[in-house]
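Asks: Sequence first, predicted coordinates after that:
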Amino acid sequence: MSPGDVLRTARAVWPLLKTAVLSGQLFRPPCELTQPDPDIVCAYDVQIPVADDIILTANVFRSRKGQEEGRRAPVVMCAHPYNNQLIPALGGTPFGGPPKQYRVIPQVGRPRFSTLTSWEAPDPNFWVPAGYAVVDLNLPGYGKSTGPPTLFTEQQAKSYYEAIEWVGRQTWCNGRVGLNGVSYLAISQYHVAACQHYGGPPPSLRCICPWEGLSDVYRELACAGGIEDVAFGPFWWALEVKPSLNASASDFIEHNGSLPLDFLKRHPFYDEFWREKTAKLDQITIPMLVCASFSDHAFHTEGSFRAFMNAKSRHKWVYTHRTGKWAAFYSPEVQQLTKDFMDCFLKDDTSSGFLQRAPVRLEVRSSRDVIHAVRDEHEWPLQRTRCTKLYLSAAPCKLDWLQPPTRHAAQHSARRGCSCFVVRFDTDMELTGYMKLRLWVEARAGRRAASQPPDDMAIFIAVNKLDRDGRTVHFEGMAGNHQDSVTRGYCRVSRRELDVAESTEYHPVLAGTSHRPLKPGEIVPVEIALYPSSTFFLAGESLELVISSDEIIPSPPYIKDVSINRGTHVVHCGGDFDSHLLVPIIP
């Protein structure tokens with residue numbers, strides 16, 4: 001790594017490390033480790049030969065009694081680049097505690113899992129006593145697996161496919177495999193379930209349970225809203241990817257073109273490099289239980305809902321929540337739910353009634369600590385949604401149910417300035433689904449006479465809930481952010497072109513293929529997608545729209561590039577400028 005890369009990595013890691021030290025999390029990670037059932041037999045570094053002379057390695061966990069009796073079990077499997085040797089049982093974690101990420105990344109709750117569990121993987125101590133075998137696989141080039149170390153590629157999916165089929169042929173497997181896991185372990189499920197190399201999923205693969213995963217790396221993380229994320233790549237590379245490489249950094253660059261922290265430098269637009277890393281969701285046909293949390297905005301939320309909506313599976317369900325991803329994943333409720341799902345498709349056991357479950361488990365929040373309702377729904381987004389426009393008014397700044405007849409403008413500094421617009425609800429109100437913000441914007445020069453008008457803008461949006469006294473109501477957010485907003489969004493104005501085929505009335509999708517700088521004095525419309533959310537407002541409470549030139553609620557290790565901002569940001573509304581917030585009202 002160059003000195004510049006080292007500095008970028010330090011800037012990405014330092015905020016989290018500082019918080020971990022000051023909070024004590026670095027020394028006392030908020031997790032509970034359990035000892036495994038003595039019936040579990042652990043086979044480490046099991047070699048799985050796949051095509052291209054690649055040898056993958058896996059940890060295989062089975063029942064000792066089942067092994068002695070010659071029973072064939074269904075398999076719960078995961079695959080990742082995180083080195084399956086880094087588990088407490090093998091002494092691969094700091095001080096014999098949980099994986100190191102739990103010491104550094106802030107979280108919600110206190111997840112409980114056994115010493116056999118690797119980072120974000122299914123816990124063998126739950127699955128083996130439940131009548132399953134567990135396979136924890138290193139993808140090519142990571143841990144002790146050979147092959148090219150790539151990320152989000154068809155090569156990975158191809159090797160994963162072949163490993164699944166190898167598992168399905170083993171004498172201890174009943175020929176049925178289900179996939180499970182969080183984040184990258186969810187993303188890899190999308191890719192192998194739609195394996196383009198073989199034209200479909202592995203025959204042994206019967207179902208998948210992707211728990212909060214991206215489906216489009218460029219649009220959902222690396223360049224969300226057209227604004228570059230400058231911290232997650234360095235953080236992820238330093239903490240998780242590089243330590244697990246079964247190769248050198250030079251080998252990684254040879255097969256990927258650059259390190260993750262430089263992907264956007266080499267591929268600033270949505271090109272074939274990024275398209276390969278986008279899951280082919282419409283090719284997924286097998287049963288799926290997906291988790292889409294409202295607390296992981298700007299990381300996994302959008303991709304998880306896209307997966308549920310776009311997959312062609314006959315049987316598919318989505319579980320929503322707004323708490324910590326690991327606390328939820330390892331909770332008794334979710335473990336049992338996932339087991340009921342796996343039982344249906346890996347054991348033909350439908351006694352739990354899972355097949356009769358409604359497709360959507362919807363959690364509606366009133367605040368960070370208050371769940372207003374948990375209910376069943378039959379589709380997402382909800383068909384009875386009334387998409388309603390709240391118009392921006394700048395004299396004074398507020399949101400109105402009617403478009404102001406007179407043109408006005410609100411403006412703020414392009415250096416950490418913001419404009420706020422509020423509407424008070426006179427009746428109880430539930431907003432569930434997608435919000436969209438349409439703005440007419442202009443970039444003006446600063447006060448200095450010699451200043452040139454800027455040709456670009458990075459816009460940050462947040463929607464807050466205010467109580468009856470006007471105080472902000474907080475929600476759980478990503479990476480342990482306990483003061484998150486209802487939802488948020490981003491837009492770089494020069495990247496405002498929409499992907500017409502992907503966009504809908506309520507959810508615009510940026511094309512990411514063009515650069516359209518602003519001309520001096522030019523006023524342009526932009527469509528800004530806000531992340532899915534589900535929030536209940538009492539009569540007398542308010543919704544606040546914040547339009548800012550900087551991140552409104554920082555959430556390291558996700559940090560956006562605001563270097564293009566200078567001068568003054570202007571929002572035009574009223575008259576011919578129909579700036580408005582589209583909100584999803586549930587009758």
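Replies: Good, I have the coordinates.
Asks: any low-confidence regions in the chain?
Replies: In the prediction, the chain carries residues with pLDDT under 70 at positions 1-2, 448-450.
Asks: Centre-most residue in it?
Replies: Most central in the chain under C-alpha atoms, centre = their mean is residue 300, positioned 1.0 Å from the mean C-alpha point.
Asks: Quick one: residues contacting it.
Replies: Going by C-beta atoms under 8 Å, 6 or more residues apart in numbering, residue 300 touches 183, 186, 212-214, 220, 292-293, 325. In this view, the C-beta of every residue, glycine as well, is placed from N, C-alpha and C.
Asks: Take the residues you listed and lay them out in a markdown table including distance to residue 340, neighbour count and secondary structure.
Replies: As requested, the contacts of residue 300 are exported to a markdown table (distance: C-beta to C-beta, whole Å; neighbours: other C-beta atoms under 10 Å; DSSP: H, G, I helix; E, B strand; the rest coil):
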| residue | distance to residue 340 | neighbour count | secondary structure |
| --- | --- | --- | --- |
| 183 | 23 | 23 | coil |
| 186 | 19 | 30 | helix |
| 212 | 19 | 29 | coil |
| 213 | 21 | 28 | coil |
| 214 | 26 | 28 | coil |
| 220 | 29 | 21 | helix |
| 292 | 19 | 27 | coil |
| 293 | 20 | 26 | coil |
| 325 | 20 | 25 | helix |
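Asks: quick one: the helices in the stretch 201-350 of the chain?
Replies: 217, 232-236, 249-256, 263-266, 272-276, 301-310, 325-329, 332-346 (DSSP state H, counting those that start in this stretch).
Asks: wait, I meant the stretch 1-150 of the chain
Replies: Using DSSP H, counting those that start in this stretch, helices in the stretch 1-150 of the chain cover 3-23, 64-69, 101-104, 124-127.
Asks: what's the second one in contact with?
Replies: Residues lying outside helix 64-69 but in contact with it, judged by C-beta under 8 Å, 6+ apart, are 38-41, 73, 131, 172.
Asks: Let's see that with 7 Å instead.
Replies: 39, 41, 73, 172 (C-beta atoms under 7 Å, 6 or more residues apart in numbering).
Asks: go on, the first one?
Replies: Helix 3-23 has contacts (C-beta under 7 Å, 6+ apart) with 26, 103-106, 231, 234-235, 238, 261, 556-557.
Asks: And for stretch 78-92?
Replies: Outside stretch 78-92, the residues that touch it by C-beta under 7 Å, 6+ apart are 33, 44, 58-59, 93, 96-99, 115-119, 121-122, 136-139, 142-143, 151, 160, 179-181, 184-185, 188, 240-241, 244.
Asks: Could you measure from the residue nearest to the centre of the chain over to residue 179?
Replies: Noted for residue 300: a distance of 16 Å to residue 179, by C-beta to C-beta, to the nearest Å.
Asks: And for residue 310?
Replies: 18 Å.
Asks: And residue 223, by the same measure?
Replies: For residue 223, the distance to residue 179 (C-beta to C-beta) stands at 28 Å.
Asks: Settle it for me: which of these two has more neighbours?
Replies: Taking neighbours as other C-beta atoms under 10 Å, residue 223 and residue 179 compare with residue 179 leading, 31 against 26.
Asks: Show me the strands in the stretch 451-587 of the chain, by range?
Replies: 458-466, 472-473, 487-492, 524-537, 542-548, 568-573, 580-585 (DSSP state E, counting those that start in this stretch).
Asks: want to try a markdown table for those, with mean neighbour count and distance to residue 329 as columns?
Replies: Converted to a markdown table, the strands of the stretch 451-587 of the chain look like this (neighbours: other C-beta atoms under 10 Å; distance: least, C-beta to C-beta, whole Å):
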| stretch | mean neighbour count | distance to residue 329 |
| --- | --- | --- |
| strand 458-466 | 23 | 27 |
| strand 472-473 | 16 | 26 |
| strand 487-492 | 24 | 22 |
| strand 524-537 | 22 | 19 |
| strand 542-548 | 21 | 31 |
| strand 568-573 | 23 | 40 |
| strand 580-585 | 21 | 27 |
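Asks: Now residue 499. Its backbone dihedrals?
Replies: Per-residue torsions, residue 499: phi -80, psi 100 (degrees, to the nearest 10).
Asks: give the contact list for it.
Replies: Counted by C-beta under 7 Å, 6+ apart, residue 499 has contacts 509-511.
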